[in-house]
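J.: Sequence and predicted structure, then a few things I'm wondering about:
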Amino acid sequence: MGYSQLSQDVFVLNFFNKQPGFYLELGCNDGTSNTNSNCLLLEENGWTGIGVDIGNIDVFNSHRKGRGIQADLTQTRIQDILDECKAPEIIDYFSYDVDDALKPSLESLSLEKYKFKLIHFEHNEYLTGDPLYTGLKQAGREKFINAGYELLVDNLIYLNNGAVEDWYVYPELVSQQQKIFLKDIYHADILSAYGYR
């Protein structure tokens, strides 16, 4: 059992065959929630990485192995944070959940220096009446697909609210074992396999 809202963390562990990796978690909150953290379970399984949030990051830094960065992503570029932290240029998992900062952070996101094997991108399309989210699902798809990412799962639904999230992989960085895993999951129906519907 994981800590993520949509079992993202359980999926990530299985995708990487329970091998430790490096994560980037945008919108990590205080990093200790057992009901709303995409990377806490990963750390419990040997992962490390970077957690970023606009709020106070002291709790994250006192309880987690990864490095917590307090940043306003309407004013700070993601690449600058990765540069400052001397992150690896290939990052295993990118959890992208920044709510109000989604539009400016997506516009400034560079996908040239840093590559991500797996991305969970929360676009909150179900909130399309809110101008903060209008068109951001499509903007995300264009940005990631134009940079060589493949859309793995689209429009994941949370609690019948509507479309919340898209998942991407970078095919050139996916191992043969991971390709087999994805093929098996496709055949099993990825959504029902992880209890999403």
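T.: The structure has been received and is ready for your questions.

J.: Centroid-nearest residue for the protein?
T.: Ser95 (1.6 Å; Cα atoms, centre = their mean).

J.: list the helices and strands the helix or strand harbouring it packs on?
T.: Using DSSP states H and E, Ser95 sits in strand 90-96. Helices and strands touching strand 90-96, by 3 or more Cβ pairs under 8 Å, 6 or more residues apart in numbering; DSSP states H and E, are strand 22-26, strand 115-122. (C-beta placed from N, C-alpha, C; glycine too.)

J.: ok and that strand relative to strand 22-26, angle-wise?
T.: For strand 90-96 against strand 22-26, the angle by axes from the mean of the first three to the mean of the last three Cα atoms, to 10 degrees is 20 degrees.

J.: Parallel or antiparallel, which strands does strand 90-96 pair with?
T.: strand 22-26 (parallel), strand 115-122 (parallel) (DSSP bridges).

J.: Would you quantify the distance from the nearest residue to Asn17 once chain neighbours are set aside to Ile81?
T.: Sequence neighbours aside, Gln177 is the residue nearest to Asn17 in space, at 6.3 Å (criterion: Cβ to Cβ, 6 or more residues apart in numbering). For Gln177, the distance to Ile81 equals 30 Å [Cβ to Cβ, to the nearest Å].

J.: If you count surrounding residues, which of these two has more?
T.: Ile81 (18 against 12; other Cβ atoms under 10 Å).

J.: Confirm for me that that one is in contact with Ile50.
T.: Yes - the pair Ile81 / Ile50 is scored as a contact, 6.9 Å apart, by Cβ atoms under 8 Å.

J.: Overlap of the contact sets of these two?
T.: Residues within reach of Ile81 and of Ile50 at once, by Cβ atoms under 8 Å, 6 or more residues apart in numbering, are Ile69.

J.: Gln138 - how many residues pack around it?
T.: 11.

J.: Which of the helices and strands packed on strand 90-96 sits closest to Glu43?
T.: Closest to Glu43 of the helices and strands packed on strand 90-96, according to Cβ to Cβ: strand 22-26, at 8.4 Å.

J.: buried stuff in whatever helix or strand comes next after that closest one?
T.: Downstream of strand 22-26, the first helix or strand assigned by DSSP H and E is helix 40-44. Neighbour counts over helix 40-44 (16 or more other Cβ atoms under 10 Å) mark Leu40, Leu41, Leu42, Glu43 as buried.
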